[in-house]
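Q: Next comes the sequence, and after it the predicted model I'd like to discuss.
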Amino acid sequence: MTGQEAPYETRQVRFVDQLSLVATESAVSASRRFLRVALSQWQAALIEDDVLLIASELVTNAVAVTGVVAENPTWDELRRLGLVHVRLVGLRDSVVVEVWDVSDEPPRLQHVGRDSEDGRGLLLVQELAARWGSYRTTGGKAVWAQLAVRPPLPPLPQRPRNERRGSGAAAPPGPGIAFLRHVRVGLGRAL
């Protein structure tokens, strides 16, 4: 999926956090730490694992086309180091992860064999994201993935203090089977 612009309108944006990184292998772990903190602040930790996996794939691809991936780079390679940019955009009911690099080549899904160790990154992005794509930027492209934010489940009700076990009072009978079925149906709809 490739488009020509960002997947959201500016007026929809509630929060934005952005980080620019030198395009080396360490950019992947640095972007993960950055995103973990941002998601925690935004109270969107429920989607943290998916966001971190998507960002890891997108930043890895951006570093591959922008930076140095050699274990022992030469001085000439180090002089040509570029930047990758990671942006997390919070919308009303979703977040968008954007990773910018210097290549103007759009990302392409690869169809790889079962034994292949590489080439599955965008397949993971496609599987985890509600939608994804790319757009051209000045000097390169941005690849983005949008993930829905699920609201947290409400906390379980607490018994009043005098009804808790161990307080000397007998515990009230538990909820009936009809009530438990109703809760299960409600939870199924929330997910």
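A: Okay, I see it.
Q: Which residue comes closest to Val102 once chain neighbours are left out?
A: Gly140 (4.3 Å; CB to CB, 6 or more residues apart in numbering). Yep, even glycine has a C-beta here, placed from its N, CA and C like the rest.
Q: The one you found and Ser103: what is the separation?
A: Noted for Gly140: a distance of 6 Å to Ser103, by CB to CB, to the nearest Å.
Q: Now the common contact residues for the two.
A: Taking CB atoms under 8 Å, 6 or more residues apart in numbering as the contact rule, the neighbours common to Gly140 and Ser103 are Thr66.
Q: Over to the residue nearest to Val102: give its phi and psi.
A: phi 160, psi -140 (degrees, to the nearest 10).
Q: same deal with Leu91?
A: Main-chain dihedrals, Leu91, degrees, to the nearest 10: phi -110, psi -180.
Q: what's near enough to touch it?
A: Tyr8, Gln12, Val13, Arg14, Gln146.
Q: Next, the nearest residue to Ala129 once chain neighbours are set aside: secondary structure please.
A: Of all residues not flanking Ala129 in the chain, Ala145 sits nearest, at 3.8 Å (CB to CB, 6+ apart). Three-state assignment for Ala145 (DSSP: H, G, I helix; E, B strand; the rest coil): strand.
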